[in-house]
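Colleague: just coords:
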C-alpha cells in the first residue's frame, strides 16, 4: 500500500469482518432474548400491578431489539440460531449466577445490566461499518425505562436506608459477573476478539489497542459509577 | 314502558353497566398481563432458540393487549390497578395449579387457554356497547400463533405417539381449572355476573338466560373439541 492509498472501510464483503459482525449481532441478539425472559420473570416479584406492568414493558422493549437483530442476521445470510448458539452458555451463566432475590435486586439488575452493556456495545460500534453501527446504537439506546428504576430504588432507600448497603454490594457483584462472562466470550470467539483488539487487517478498522482498551474500561467504570450515584449508591 | 318504546342500548352512562364493563376489562387486562408473564417464563423451556423466540413473541402480543385494555380502563376514568386487583387471586390460582412440566405442556396451555378464553369473551362481547365490543373482539383475535403450536404438537406426537395420551389429559385438566376459576370469579363479582346472566335492567341488554348459558357452553365445548382435534388429540 502506498502512502496515498486510503485503507478500505470495513466492509461486509470481507469474510473476516462479516464473521465478526455476525458474532457481534449473535451475542447481542441472544442477550436481548434472554434479557426479555429474565425481566418478564422478575416482573412477578413486583409489589404492585403497575410495577409489574412497567417491568413487563421493559421486557417487551428488549424483545423488539431482539427481533431487529435476528432479522438483520437473516438479512446478512446468517442462520440466526447458529449465530446465537455460541453465546448461550455465557449469557445463561450470567443470569443463573445473578438471579435476583427480590424486586429491588431485579430492578437493579435491569438498570446496571442494560447500562453497562449499552456502554460497551456502543464503544464497539465505533469500529463498525455505518449500517451495523446504526443498528447497534439504535437497539442500545435508552428506552426511557431507567427513570422508573432510579425513582423506585431511591424511594426504597429513603424508606429504609439499610437497603443501600445491600444494593451497592449487589451492583458490584453484577459488574463482576458481567466482566467474567465477557472474558469467557472473548476467549472463545476469535472473530469477535479480533474485531475488538487490533481490528481486521486490510481495513481501516483499527480496533482497540491495549491503551485504548484501558481507556475504554475507564469510561465504562465512570459511567457505571454515575449510574450508581443516580440511585444514591456507591459503586 | 309502552310497546312503542325501544329499550335503551347499554350505555356507559349507566353506572351499573359501567361497573360491569370495568370489571370485564379488569379481568381481561390482568389475564393478559399474567399470560404475558407465564408465556415468557415458559419460553425458557423451549428446545431451540427459534422456539423460544416464538413463545416470546406470543407473550409480547399478550402484553400489547394488556396495554390497550389498561389504557381503555384509564379512559373510562377507572384506576386500572384497582380494576384488576379483584381478579388476581383467581387468575394467579389458575396459573399456579397449571404450571407446565415441559415445553409441550406450556405450548398446549397457551393454545387451550387462549382459545377457550377468546371464545368465552367473544360470547360476552355480544352484549356490550359497540366500543367495548370492538375492543374485546380485537384483543381476543387470534394473533396467528396457534398455527405454530399446532405444528409443534403434531410433530411431537408423530415422533412419539405416547405423548398424545398425556397431552389429552393435560388439555382436560386445563379446561377444568379454567372453569373452576371462572366460577370463583362469577361468585365474587356481582356486577360482572349480572352482566352475563339477565343483563342490566332498564337497557336492551338481555344477557344470557339459563337456556342461553347452556347453549353457550355447548358452543365453547365444541370449539375446544375442534382445537384438540387439530392437535390430533381427543378432548
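Modeller: Structure received. On a predicted model such as this, the values are computed, not experimentally measured, just so you know.

Colleague: Mind picking out the helix or strand in chain A with the poorest mean pLDDT?
Modeller: Least confident helix or strand of chain A, by mean pLDDT, DSSP states H and E, is helix A:190-196 with a mean of 74.

Colleague: Can you list the low-confidence ranges for chain A?
Modeller: Applying pLDDT under 70 to chain A picks out residues A:1-9, A:143, A:197-209.

Colleague: try 80
Modeller: A:1-9, A:142-145, A:183-184, A:186-214, A:235 (pLDDT under 80).

Colleague: Now do the contacts for the residue in it that chain B sits nearest to.
Modeller: Residue nearest to chain B within chain A: residue A:40 (3.1 Å; C-beta to the nearest C-beta). Placement of C-beta: from N, CA and C, glycine included. With C-beta atoms under 8 Å, 6 or more residues apart in numbering or on different chains as the criterion, the residues that contact residue A:40 are A:55-56, A:59, B:36-37, B:40-41, B:59.

Colleague: where do the helices sit along chain A?
Modeller: Per DSSP state H, chain A carries helices over the ranges A:15-42, A:49-75, A:80-84, A:88-97, A:103-125, A:130-139, A:146-159, A:162-188, A:190-196, A:210-230.

Colleague: Pretty sure residue A:219 sits against residue A:119.
Modeller: Yes: under the criterion of C-beta atoms under 8 Å, residue A:219 makes contact with residue A:119 at 7.3 Å.

Colleague: And those two? Which one has more around it.
Modeller: residue A:119 (18 against 13; other C-beta atoms under 10 Å in any protein chain shown).

Colleague: Counting neighbours, what do you get for residue A:216?
Modeller: 17.

Colleague: For it, which non-adjacent residue is closest in space?
Modeller: residue A:123 (5.2 Å; C-beta to C-beta, 6 or more residues apart in numbering or on different chains).

Colleague: who's in contact with the most centrally placed residue in chain A?
Modeller: For chain A, the residue sitting closest to the mean C-alpha position, by C-alpha atoms, centre = their mean, is residue A:117 at 2.5 Å. Contact analysis of residue A:117 by C-beta under 8 Å, 6+ apart lists A:31, A:140, A:178.

Colleague: Residue A:158: neighbouring residues, count only.
Modeller: When neighbours are counted by other C-beta under 10 Å, residue A:158 registers 11.

Colleague: And it, how far from residue A:103?
Modeller: According to C-beta to C-beta, to the nearest Å, residue A:158 and residue A:103 sit 16 Å apart.

Colleague: Repeat that for residue A:22.
Modeller: 37 Å.

Colleague: Show me which residues of chain A sit near chain B.
Modeller: Residues of chain A lying close to chain B by C-beta under 8 Å from any C-beta of the partner chain are A:30, A:33, A:36-37, A:40-41, A:43-44, A:48-50, A:52-53, A:56-57, A:59-60, A:63-64, A:66-67, A:70, A:80-81, A:84-85, A:88.

Colleague: Taking those, please make a ChimeraX selection of just the buried ones.
Modeller: Selection of the buried residues among those in ChimeraX, burial being defined by 16 or more other C-beta atoms under 10 Å in any protein chain shown:
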select /A:30,33,36,37,40,41,43,44,49,52,53,56,57,59,60,63,66,67,70,80,81,84
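
Colleague: quick one on the thing from earlier: quick one, which of the helices of chain A is packed in tightest?
Modeller: Mean neighbours per residue, mean count of other C-beta atoms under 10 Å in any protein chain shown, is largest over the helices of chain A for helix A:15-42, with a mean of 24.

Colleague: And that helix, how far out from the chain middle?
Modeller: 9 Å (C-alpha atoms, centre = their mean, to the nearest Å).

Colleague: now swap in stretch A:71-84 and tell me
Modeller: The chain centre lies 19 Å from the centre of stretch A:71-84; the measure is C-alpha atoms, centre = their mean.

Colleague: same check, this time on stretch A:76-90
Modeller: Counting by C-alpha atoms, centre = their mean, stretch A:76-90 comes out at 16 Å from the chain centroid.

Colleague: From one end of it to the other, what's the distance?
Modeller: Stretch A:76-90 has its terminal residues 24 Å apart, counting by C-alpha to C-alpha, to the nearest Å.

Colleague: hmm, who's touching stretch A:94-104?
Modeller: Contacts of stretch A:94-104 (C-beta under 8 Å, 6+ apart): A:34, A:38, A:42, A:45-47, A:51, A:106, A:108-109, A:152-153, A:156, A:163, A:167, A:173-174, A:177-178, A:181.

Colleague: follow-up on the earlier one: what helices and strands are in contact with the least confident helix or strand of chain A?
Modeller: helix A:15-42, helix A:162-188 (3 or more C-beta pairs under 8 Å, 6 or more residues apart in numbering or on different chains; DSSP states H and E).

Colleague: who wins for proximity to residue B:127 among the ones you listed?
Modeller: Nearest of the helices and strands packed on helix A:190-196 to residue B:127, taken as C-beta to C-beta: helix A:15-42 at 33.8 Å.

Colleague: which ones are touching residue A:31?
Modeller: By C-beta under 8 Å, 6+ apart, residue A:31 lies in contact with A:87, A:91, A:117.

Colleague: any idea how far it is from residue A:181?
Modeller: In terms of C-beta to C-beta, residue A:31 sits 10 Å off from residue A:181.

Colleague: What is the nearest of the contacts of residue A:117 to residue B:146?
Modeller: residue A:31 (29.3 Å).

Colleague: Distance-wise, check the closest one relative to residue A:23.
Modeller: Taken as C-beta to C-beta, the span from residue A:31 to residue A:23 is 12 Å.

Colleague: can you check residue A:170 too?
Modeller: Counting by C-beta to C-beta, the gap between residue A:170 and residue A:23 amounts to 30 Å.

Colleague: picking that back up, export the contacts of residue A:40 to TSV and tack on distance to residue B:230?
Modeller: Below are the contacts of residue A:40 laid out as TSV (distance: C-beta to C-beta, whole Å):
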residue	distance to residue B:230
A:55	35
A:56	30
A:59	30
B:36	24
B:37	26
B:40	25
B:41	25
B:59	22
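
Colleague: Tally up the residues packed near residue A:86, please.
Modeller: Based on other C-beta under 10 Å, the number of other residues close to residue A:86 is 16.

Colleague: Kindly report the same for residue A:99.
Modeller: Neighbours of residue A:99 (other C-beta under 10 Å): 12.

Colleague: Just read off the phi/psi values of it.
Modeller: phi -70, psi 120 (degrees, to the nearest 10).

Colleague: now residue A:145
Modeller: According to degrees, to the nearest 10, residue A:145 has phi -90, psi -10.

Colleague: Am I right that it is in contact with residue A:51?
Modeller: No: judged on C-beta under 8 Å, residue A:145 makes no contact with residue A:51 at a distance of 11.9 Å.

Colleague: for the nearest residue to residue A:22 once chain neighbours are set aside, phi and psi?
Modeller: Nearest residue to residue A:22, sequence neighbours excluded (C-beta to C-beta, 6+ apart): residue A:78, at 4.6 Å. In terms of degrees, to the nearest 10, the main-chain angles of residue A:78 are phi -90, psi 150.

Colleague: which residues does residue A:78 contact?
Modeller: A:22, A:25-26 are the contacts of residue A:78 under C-beta under 8 Å, 6+ apart.
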